[in-house]
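**Q** Can you look at this prediction? I've put the sequence above it.
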Amino acid sequence: MEKTLEKGEEKIQKICDALRKETLEPAKKEAEELVNDAKLRGEQIIAEARQEAEKILAHARENIEQERNVFHSSLEQASRQSIEELKQTIEKRLFNDELSQLVSKHVQDPKVIGKLIDAIVKAIEKEGLKTEVSAVIPETVKPEEVNAVLAGSVLKKLKEGSVKIGGFTGGAQVKLLDQRMTIDISEQSIIHLLAKYLRKDFRQLIFGD
(Lines give C-alpha, C1' and ligand atoms only; values in the text may rest on other atoms or scores of the structure.)
Protein backbone atom coordinates (compact mmCIF):
# COMPACT_ATOMS: atom_id res chain seq x y z
CA MET A 1 0.00 0.00 0.00
CA GLU A 2 2.82 2.34 0.89
CA LYS A 3 4.65 1.54 -2.34
CA THR A 4 1.51 2.38 -4.27
CA LEU A 5 1.27 5.78 -2.53
CA GLU A 6 4.93 6.50 -3.21
CA LYS A 7 4.51 5.73 -6.87
CA GLY A 8 1.44 7.98 -6.97
CA GLU A 9 3.36 10.87 -5.39
CA GLU A 10 6.21 10.37 -7.82
CA LYS A 11 3.81 10.56 -10.74
CA ILE A 12 2.24 13.72 -9.34
CA GLN A 13 5.69 15.23 -8.85
CA LYS A 14 6.64 14.34 -12.39
CA ILE A 15 3.43 15.92 -13.65
CA CYS A 16 4.16 19.09 -11.63
CA ASP A 17 7.73 19.20 -12.90
CA ALA A 18 6.52 18.74 -16.43
CA LEU A 19 3.95 21.54 -16.01
CA ARG A 20 6.60 23.84 -14.53
CA LYS A 21 8.97 23.20 -17.41
CA GLU A 22 6.27 23.50 -20.05
CA THR A 23 4.40 26.52 -18.67
CA LEU A 24 5.94 28.30 -15.70
CA GLU A 25 9.56 28.36 -16.78
CA PRO A 26 8.82 29.64 -20.34
CA ALA A 27 6.48 32.23 -18.85
CA LYS A 28 9.15 33.26 -16.34
CA LYS A 29 11.75 33.48 -19.09
CA GLU A 30 9.39 35.52 -21.25
CA ALA A 31 8.66 37.82 -18.33
CA GLU A 32 12.38 38.31 -17.71
CA GLU A 33 12.89 39.13 -21.40
CA LEU A 34 10.04 41.63 -21.25
CA VAL A 35 11.58 43.23 -18.18
CA ASN A 36 14.98 43.42 -19.85
CA ASP A 37 13.46 44.86 -23.03
CA ALA A 38 11.53 47.41 -20.99
CA LYS A 39 14.70 48.31 -19.10
CA LEU A 40 16.67 48.77 -22.33
CA ARG A 41 13.85 50.79 -23.88
CA GLY A 42 13.60 52.91 -20.76
CA GLU A 43 17.33 53.62 -20.82
CA GLN A 44 17.07 54.51 -24.51
CA ILE A 45 14.15 56.87 -23.86
CA ILE A 46 16.05 58.51 -20.99
CA ALA A 47 19.16 58.92 -23.18
CA GLU A 48 17.09 60.42 -26.01
CA ALA A 49 15.32 62.73 -23.57
CA ARG A 50 18.67 63.82 -22.11
CA GLN A 51 20.02 64.55 -25.62
CA GLU A 52 16.89 66.51 -26.50
CA ALA A 53 17.14 68.46 -23.25
CA GLU A 54 20.79 69.26 -23.99
CA LYS A 55 19.82 70.46 -27.49
CA ILE A 56 17.09 72.67 -26.05
CA LEU A 57 19.49 74.09 -23.45
CA ALA A 58 22.19 74.69 -26.08
CA HIS A 59 19.66 76.44 -28.33
CA ALA A 60 18.44 78.52 -25.40
CA ARG A 61 22.02 79.47 -24.51
CA GLU A 62 22.68 80.41 -28.14
CA ASN A 63 19.55 82.59 -28.24
CA ILE A 64 20.51 84.22 -24.95
CA GLU A 65 24.03 84.87 -26.25
CA GLN A 66 22.67 86.34 -29.49
CA GLU A 67 20.25 88.56 -27.57
CA ARG A 68 23.10 89.61 -25.25
CA ASN A 69 25.29 90.47 -28.25
CA VAL A 70 22.47 92.42 -29.89
CA PHE A 71 21.84 94.25 -26.62
CA HIS A 72 25.54 95.08 -26.18
CA SER A 73 25.77 96.19 -29.82
CA SER A 74 22.70 98.41 -29.44
CA LEU A 75 24.04 99.78 -26.17
CA GLU A 76 27.42 100.57 -27.72
CA GLN A 77 25.77 102.24 -30.71
CA ALA A 78 23.51 104.30 -28.45
CA SER A 79 26.54 105.28 -26.35
CA ARG A 80 28.52 106.33 -29.43
CA GLN A 81 25.58 108.39 -30.70
CA SER A 82 25.12 110.04 -27.30
CA ILE A 83 28.83 110.86 -27.05
CA GLU A 84 28.88 112.26 -30.59
CA GLU A 85 25.79 114.38 -29.88
CA LEU A 86 27.47 115.65 -26.71
CA LYS A 87 30.64 116.46 -28.68
CA GLN A 88 28.60 118.35 -31.27
CA THR A 89 26.83 120.31 -28.52
CA ILE A 90 30.17 121.20 -26.91
CA GLU A 91 31.64 122.02 -30.31
CA LYS A 92 28.72 124.33 -31.11
CA ARG A 93 28.90 126.15 -27.79
CA LEU A 94 32.67 126.38 -27.44
CA PHE A 95 33.81 126.49 -31.04
CA ASN A 96 31.07 127.71 -33.39
CA ASP A 97 29.64 130.36 -31.06
CA GLU A 98 33.05 131.63 -29.92
CA LEU A 99 34.37 131.66 -33.48
CA SER A 100 31.29 133.56 -34.69
CA GLN A 101 31.64 136.14 -31.92
CA LEU A 102 35.36 136.52 -32.57
CA VAL A 103 34.93 136.97 -36.32
CA SER A 104 31.89 139.25 -35.97
CA LYS A 105 33.76 141.52 -33.60
CA HIS A 106 36.57 142.12 -36.10
CA VAL A 107 34.84 142.06 -39.50
CA GLN A 108 32.53 144.92 -38.52
CA ASP A 109 35.52 147.17 -37.86
CA PRO A 110 35.97 149.69 -40.74
CA LYS A 111 39.76 149.38 -40.47
CA VAL A 112 39.67 145.58 -40.86
CA ILE A 113 37.18 145.81 -43.74
CA GLY A 114 39.34 148.41 -45.46
CA LYS A 115 42.46 146.25 -45.13
CA LEU A 116 40.61 143.23 -46.58
CA ILE A 117 39.45 145.20 -49.62
CA ASP A 118 42.87 146.81 -50.02
CA ALA A 119 44.63 143.42 -50.00
CA ILE A 120 42.24 141.86 -52.54
CA VAL A 121 42.32 144.78 -55.01
CA LYS A 122 46.12 144.91 -54.87
CA ALA A 123 46.26 141.12 -55.44
CA ILE A 124 44.03 141.51 -58.51
CA GLU A 125 46.30 144.28 -59.80
CA LYS A 126 49.39 142.17 -59.15
CA GLU A 127 47.96 139.30 -61.21
CA GLY A 128 47.51 141.71 -64.11
CA LEU A 129 43.74 141.32 -64.33
CA LYS A 130 42.16 144.17 -66.29
CA THR A 131 38.67 144.51 -64.88
CA GLU A 132 36.36 147.05 -63.32
CA VAL A 133 36.12 146.48 -59.56
CA SER A 134 33.32 147.12 -57.09
CA ALA A 135 33.70 146.73 -53.30
CA VAL A 136 30.68 146.02 -51.10
CA ILE A 137 30.67 146.54 -47.32
CA PRO A 138 28.21 145.64 -44.48
CA GLU A 139 25.08 147.69 -43.99
CA THR A 140 26.21 148.42 -40.43
CA VAL A 141 29.36 150.31 -41.53
CA LYS A 142 29.59 153.82 -43.02
CA PRO A 143 31.23 153.95 -46.50
CA GLU A 144 33.32 157.04 -45.65
CA GLU A 145 34.91 155.21 -42.72
CA VAL A 146 36.10 152.41 -45.01
CA ASN A 147 37.12 154.79 -47.81
CA ALA A 148 39.35 156.59 -45.33
CA VAL A 149 41.29 153.37 -44.72
CA LEU A 150 41.78 152.40 -48.38
CA ALA A 151 44.94 153.35 -50.23
CA GLY A 152 44.43 156.10 -52.79
CA SER A 153 45.36 153.79 -55.68
CA VAL A 154 42.81 151.23 -54.53
CA LEU A 155 40.06 153.81 -54.09
CA LYS A 156 40.64 155.02 -57.65
CA LYS A 157 40.13 151.50 -59.00
CA LEU A 158 36.72 151.15 -57.39
CA LYS A 159 33.65 151.89 -59.48
CA GLU A 160 32.39 155.37 -58.62
CA GLY A 161 35.48 155.79 -56.43
CA SER A 162 33.80 154.44 -53.31
CA VAL A 163 32.66 151.30 -51.59
CA LYS A 164 28.96 150.34 -51.67
CA ILE A 165 26.56 149.11 -49.02
CA GLY A 166 25.52 145.43 -49.16
CA GLY A 167 22.98 143.24 -47.39
CA PHE A 168 25.32 141.40 -45.00
CA THR A 169 26.57 142.14 -41.48
CA GLY A 170 30.35 141.90 -41.63
CA GLY A 171 33.38 141.52 -43.90
CA ALA A 172 33.31 142.55 -47.54
CA GLN A 173 32.74 141.43 -51.11
CA VAL A 174 34.90 142.43 -54.05
CA LYS A 175 33.23 142.06 -57.44
CA LEU A 176 35.17 141.72 -60.69
CA LEU A 177 32.50 143.21 -62.92
CA ASP A 178 34.03 142.34 -66.29
CA GLN A 179 34.63 138.76 -65.15
CA ARG A 180 31.22 138.48 -63.46
CA MET A 181 32.99 137.09 -60.42
CA THR A 182 32.64 137.86 -56.71
CA ILE A 183 35.36 137.31 -54.12
CA ASP A 184 33.33 136.74 -50.97
CA ILE A 185 35.07 137.60 -47.70
CA SER A 186 31.87 138.38 -45.83
CA GLU A 187 31.39 137.34 -42.21
CA GLN A 188 29.73 133.99 -42.95
CA SER A 189 32.31 133.06 -45.58
CA ILE A 190 35.18 133.82 -43.18
CA ILE A 191 33.53 131.81 -40.39
CA HIS A 192 32.97 128.88 -42.74
CA LEU A 193 36.54 129.03 -44.00
CA LEU A 194 38.08 129.26 -40.53
CA ALA A 195 35.83 126.50 -39.17
CA LYS A 196 36.87 124.21 -42.02
CA TYR A 197 40.54 124.48 -41.09
CA LEU A 198 40.28 124.89 -37.31
CA ARG A 199 37.54 122.38 -36.39
CA LYS A 200 39.85 119.35 -36.68
CA ASP A 201 42.43 120.99 -34.40
CA PHE A 202 39.69 121.96 -31.95
CA ARG A 203 38.30 118.40 -31.76
CA GLN A 204 41.80 117.01 -31.36
CA LEU A 205 42.53 119.45 -28.55
CA ILE A 206 39.23 119.01 -26.68
CA PHE A 207 38.20 115.41 -27.43
CA GLY A 208 41.44 113.79 -28.60
CA ASP A 209 39.75 112.72 -31.88
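**A** Received it, and whenever you're ready, just let me know what you need. Everything numeric in this text was worked out from a predicted model, so none of it was measured.

**Q** Show the end-to-end separation of stretch 103-118, please.
**A** The first and final residues of stretch 103-118 sit 19 Å from each other (CA to CA, to the nearest Å).

**Q** Please point out which parts of that stretch sit buried.
**A** Buried positions in stretch 103-118, judged by neighbour count with 16 or more other CB atoms under 10 Å: 103, 107-108, 110, 112-118. For every residue, glycine as well, the C-beta is placed using N, CA and C.

**Q** Just the residues you listed: which are in strands?
**A** Within these, no residue falls in strands by DSSP state E.

**Q** Show me which of the residues you listed is closest to Leu177.
**A** Ile117 (14.9 Å; CB to CB).

**Q** any idea how far Ala135 is from that closest one?
**A** Distance check for Ile117 against Ala135: by CB to CB, to the nearest Å, it reads 5 Å.

**Q** Spit out the residues that contact these two alike.
**A** Applying CB atoms under 8 Å, 6 or more residues apart in numbering, one finds that Ile117 and Ala135 are jointly contacted by 146, 163, 172, 174.

**Q** So which of those residues sit within strands?
**A** Per DSSP E, the subset of those in strands is 172, 174.

**Q** which of the shared contacts of Ile117 and Ala135 lies closest to Asn63?
**A** Closest to Asn63, out of all of the shared contacts of Ile117 and Ala135 and judged by CB to CB, is Ala172, at 66.5 Å.

**Q** Mind listing the residues bridging to the closest one?
**A** When assigned by DSSP bridges, Ala172 has beta-bridge partners Ile185.

**Q** Spit out the contact partners of it.
**A** Ala172 touches 113, 116-117, 120, 135-138, 163, 185-186, counting by CB under 8 Å, 6+ apart.
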